[in-house]
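Novice: Got a predicted structure plus its sequence, pasted below:
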Amino acid sequence: MIIAANTSALHVLEFSSSIAASTLPQKVRCRPMPDKPLDDCFPIVAAQVAAKGGQQIFGWAVWELPGVFIEAEFHSVWESPEGELVDIVPRLRPFTEIAFVLDPNRRYENRQVDNIRKQLVIDNDVKRFLFLRQRRFTILNAGERALQHALILPKADMRELEANEKEGMRLERRIHKRYSANF
C-alpha cells in the first residue's frame, strides 16, 4: 500500500534533499474540498487563493511503498492567510496528512511533470515497475500531449500503453505480495 512518506526517516530526508535541497519534508494536513475533481491540485488551489486569500505553494508530495520505493509527485498546497499549509485536493484514497517538500524553484507551467522515483530495494520487478511508470508518463505526455487533458492516442501508442498497464498491474500485485510484511 502506498503511504505518505515518514518525514523524519533518513531515506526520506535524503530523497527530499535530492529534489529540493533547501527544504525539509513536512507533514501537511489534508482537508479535501468537496465537489472538486480528484487529484487536480493546481486549479483547485489557485481558485482557493482567489476565494480565500493566502498563497499557492508548489512542491512535491512524497509517497512510498515502505522499504521498496519512494516517489515524489509534483503538487500544490494552499497556504492559508494564517500561514498554515493545507492539502485541499480530493484523492481517490483519502489521507489525513501528506509528506510535502516545498520547492521554491518550481512553478506550474500548464504541463504535466513526471514523478521522481527511487528504488529502495534491489529487485528487478521493482525496477521494471518504476520504468513502466516512467514510460506511461512519456507516452501520455509526448509533444503537445503534455498540454492536453483529454487525449486521443495513435494506435501504436495505445497498444503500448495497454501492454504497459497490464504488465504494471501484474508487477504491482507481485511486489505487494513479496513485500507485504513491510507495511
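Specialist: Good, I have the coordinates.

Novice: Ranking helices and strands of the protein by mean pLDDT, which lands last?
Specialist: strand 3-4 (a mean of 80; mean pLDDT, DSSP states H and E).

Novice: If you count contacts, what does it end up packed against?
Specialist: Judged by 3 or more CB pairs under 8 Å, 6 or more residues apart in numbering; DSSP states H and E, strand 3-4 is in contact with strand 55-65, strand 97-102. Using the backbone N, CA and C atoms, a C-beta is placed for each residue, glycine as well.

Novice: Off-centre distance for the following helix or strand past the first one?
Specialist: On the C-terminal side of strand 55-65, the closest following helix or strand by DSSP states H and E is strand 69-79. For strand 69-79, the distance from its own C-alpha centre to the chain's C-alpha centre is 5 Å (CA atoms, centre = their mean, to the nearest Å).

Novice: can you give me the helices in this structure?
Specialist: 10-19, 41-52, 124-140, 155-179 (DSSP state H).

Novice: Please tabulate these in a markdown table, including the columns distance to V86, mean pLDDT and mean neighbour count.
Specialist: Below are these laid out as a markdown table (distance: least, CB to CB, whole Å; pLDDT from 0 to 100; neighbours: other CB atoms under 10 Å):
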| stretch | distance to V86 | mean pLDDT | mean neighbour count |
| --- | --- | --- | --- |
| helix 10-19 | 20 | 94 | 16 |
| helix 41-52 | 9 | 97 | 17 |
| helix 124-140 | 27 | 96 | 16 |
| helix 155-179 | 30 | 95 | 14 |
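
Novice: Looking at those, which is nearest to I70?
Specialist: Closest of the helices of the chain to I70 is helix 10-19, at 5.2 Å (criterion: CB to CB).

Novice: In this structure, which residue is most central in space?
Specialist: E73 (2.5 Å; CA atoms, centre = their mean).

Novice: what's the distance between it and R178?
Specialist: According to CB to CB, to the nearest Å, E73 and R178 sit 24 Å apart.

Novice: Surely the residue nearest to the centre of the chain is in contact with D114?
Specialist: No - using CB atoms under 8 Å, E73 is not in contact with D114, being 9.4 Å away.
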